[in-house]
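# would you be able to build a 3D model of this:
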Amino acid sequence: MHHILIVGDRRARPEELARRLADLFEIDFQQLQSAFDLTPKHHTLIDIDLNNDPQLLPLKEWLKRKPKDAKVIFVTEKASRLQEARAYALGATGTIHYPIDGLTLLTKFLDDGATLATISAATEGELTPSVAAATDALQSIFSAACSDAPLDSTAVQTASDLIVNQLEEQGLSAWIETVRMHHSQTYQHCLLVTGLAGAFGEHIGVSRKDRQRLSFAGMLHDIGKARIPLAILEKPGRLNESEMAVMRKHPEYGLDALGTASMLPAEMLDIVVHHHEFLDGSGYPHGLQGSEISDLVRMMTISDVFGALIERRSYKAPLSGEAAYQILLDMGPKLDTDLVRAFKFAATSTFGHQ
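Numbering: from 1, shown residues only. Below is the predicted model:
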């Protein structure tokens, strides 16, 4: 749970805030005048009448005492540019509007300005042309998602062609061992899933064009993570419940980032938003079941789960291919059993604990 100080005046809605935020936050509510006797907290939410001029100057002086790197979010009216301007003049680091969504507020508090687009995409050691192209394509994908710019489909397509070539020539093991050295958990995971999906298609004998589509989809599937705060995305430890709730928003963020004018095939959008769905209906974000989940999504889900299990993280060693594959088997009705059976090749292409 994250602790927040909520400061309000007579217009504040403490009961509504408590109802909406209690699952994610420990809340300390203070009336404005009482708050002036305290020190602003690392996470502070201000819900006051921004048209009440006499109380604004004392508030501005009080906020000067906030801790370094503290976040101060003001509640403003959605359509009021004046309130937005006043909030930032008083010391806001962000604003939010009623009805307040707890996950949105948590994201604003945890956002330190760093994104996947701002961290180095380089891996350690010498890169093959296909890994270098895939890494550059991922950086382009994440940058587009952060800036609402159009996706550079040509760069992603070029990278997917090179990936298919390398998998044909060198096999999956070489790909895994190279990309598992990436310092970023997210880049490493996306590169692993991309190679696994392409190799999966090759193993079951799909056309080269379909393998390129799978590799393209592997690079694209986690685009929504570009809109998750880096403090959650690259956390050097397990996520807590509230952080996991934010992380689970990334499929919807991904679909939103691509927008309706992305010109991507519907099957790509389907993979982006549904790669965490399970056949028994226990997945997210839409709880799809059985025939509602396409074959391409089923293949990507298997690759995604397996990739998460074998990736190298600071707080855990990667599972061996055999151990990761056993977990796929143990998931039973959640995954397509025929496809899981066909995926067994990946278990022997993955080195053990290292």
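
# secondary structure element holding the nearest residue to H182 once chain neighbours are set aside?
Closest residue to H182 apart from its sequence neighbours, by C-beta to C-beta, 6 or more residues apart in numbering: Q188 at 4.0 Å. Every C-beta, even on glycine, is put in place using the N, C-alpha and C of the backbone. Taking DSSP states H and E as the criterion, the element that holds Q188 is helix 185-203.

# could you do A217 as well?
Going by DSSP H and E, A217 is in helix 208-220.

# tell me who's in contact with A347.
321-322, 324-325 (C-beta atoms under 8 Å, 6 or more residues apart in numbering).

# go with 6 Å
The contact partners of A347, by C-beta atoms under 6 Å, 6 or more residues apart in numbering, come to 321-322, 325.

# next, count neighbours for S147.
As a burial measure, S147 scores 12 neighbours (other C-beta atoms under 10 Å).

# same deal with L32?
The local packing of L32 (other C-beta under 10 Å) involves 20 other residues.

# now it: closest residue in space, sequence neighbours ignored.
D9 (4.8 Å).

# which secondary structure elements does the helix ranked longest in the chain contact?
Counting residues, the longest helix found in the chain (DSSP state H) is helix 153-179. Contacts defined by 3 or more C-beta pairs under 6 Å, 6 or more residues apart in numbering; DSSP states H and E place helix 153-179 against helix 129-147, helix 185-203, helix 208-220.

# touching, the residue nearest to H182 and I310? I think so.
No: look at Q188 against I310 with C-beta atoms under 6 Å: they stay out of range, at 10.1 Å.

# who has more neighbours out of these two?
The neighbour comparison of Q188 against I310 (other C-beta under 10 Å) goes to I310, with 24 against 19.

# could you check how far that one is from S153?
According to C-beta to C-beta, to the nearest Å, I310 and S153 sit 29 Å apart.

# in stretch 76-84, what counts as buried?
By neighbour count on 16 or more other C-beta atoms under 10 Å, the buried set for stretch 76-84 is 76, 83-84.

# give me the mean pLDDT for it.
The pLDDT scores in stretch 76-84 average 88.

# what does it contact?
Under C-beta under 6 Å, 6+ apart, the answer for stretch 76-84 is 50, 87, 95, 97.

# ok, now with 10 Å
Defining contact as C-beta atoms under 10 Å, 6 or more residues apart in numbering, one finds that stretch 76-84 is touched by 46-47, 49-51, 74-75, 85-88, 92, 95-98.

# so which of these belong to strands?
Mapping those onto strands (DSSP state E) picks out 46-47, 74-75, 95-96.

# which one among those residues gets closest to I27?
The shortest approach to I27 among the ones in strands among the contacts of stretch 76-84 belongs to D47, at 11.8 Å (C-beta to C-beta).

# contacts only, for that closest one.
Residues near D47 by C-beta under 10 Å, 6+ apart: 6-9, 11-14, 16-17, 29, 32, 73-76, 96, 98, 100.

# whichever of those end up buried, select them in ChimeraX.
In ChimeraX, this line selects whichever of the contacts of D47 come out buried by 16+ other C-beta under 10 Å:
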select :6,7,8,12,13,17,29,32,73,74,75,76,96,100
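
# the closest residue to L288 other than its chain neighbours: helix or strand, and which one exactly?
Closest residue in space to L288, ignoring its immediate chain neighbours: E277 at 4.3 Å, by C-beta to C-beta, 6+ apart. Under the criterion DSSP H and E, no helix or strand holds E277.

# tell me the pLDDT of E277.
pLDDT, read off for E277, is 98.

# anything in contact with each of Q188 and I310?
R180.

# the residue of the chain most remote from its centre and E322: what is the separation?
Relative to the centre of the chain, the most outlying C-alpha is that of P54, 42.0 Å out, by C-alpha atoms, centre = their mean. Using C-beta to C-beta, P54 is found at 70 Å from E322.

# list the contacts for the residue nearest to the spatial centre of the chain?
Nearest to the geometric centre of the chain sits K225, at 2.5 Å (C-alpha atoms, centre = their mean). Shown in contact with K225 (C-beta under 10 Å, 6+ apart): 115-116, 142, 145, 185-186, 189-190, 232-234, 247, 249-251, 253-254, 257.

# before we move on, what about V206?
198, 200, 213-214, 299 are the contacts of V206 under C-beta under 10 Å, 6+ apart.

# now the two most distant members of those residues.
F200 and R213 (12.0 Å).

# mind checking which of these two has more residues around it?
F200 (25 against 22).

# in this structure the more buried one contacts A342, no?
Yes: the criterion here is C-beta atoms under 10 Å, and F200 meets it with A342 at 7.7 Å.

# got any residues that touch both of the two?
Common neighbours of F200 and A342 (criterion: C-beta under 10 Å, 6+ apart): 299, 302.

# just the CA trace of stretch 216-225, in PDB.
Extracted as PDB, the C-alpha positions of stretch 216-225 are listed here (Å, rounded to 0.1, in the frame of the first residue of the first chain):
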ATOM      1  CA  PHE A 216       6.400  -8.300 -35.800                       C
ATOM      2  CA  ALA A 217       3.700  -9.100 -33.200                       C
ATOM      3  CA  GLY A 218       6.300 -10.100 -30.700                       C
ATOM      4  CA  MET A 219       8.000  -6.700 -30.900                       C
ATOM      5  CA  LEU A 220       4.600  -4.900 -30.800                       C
ATOM      6  CA  HIS A 221       2.700  -6.900 -28.100                       C
ATOM      7  CA  ASP A 222       3.900  -5.000 -25.000                       C
ATOM      8  CA  ILE A 223       3.800  -1.500 -26.600                       C
ATOM      9  CA  GLY A 224       1.500  -0.400 -23.800                       C
ATOM     10  CA  LYS A 225       4.300  -0.800 -21.200                       C
END
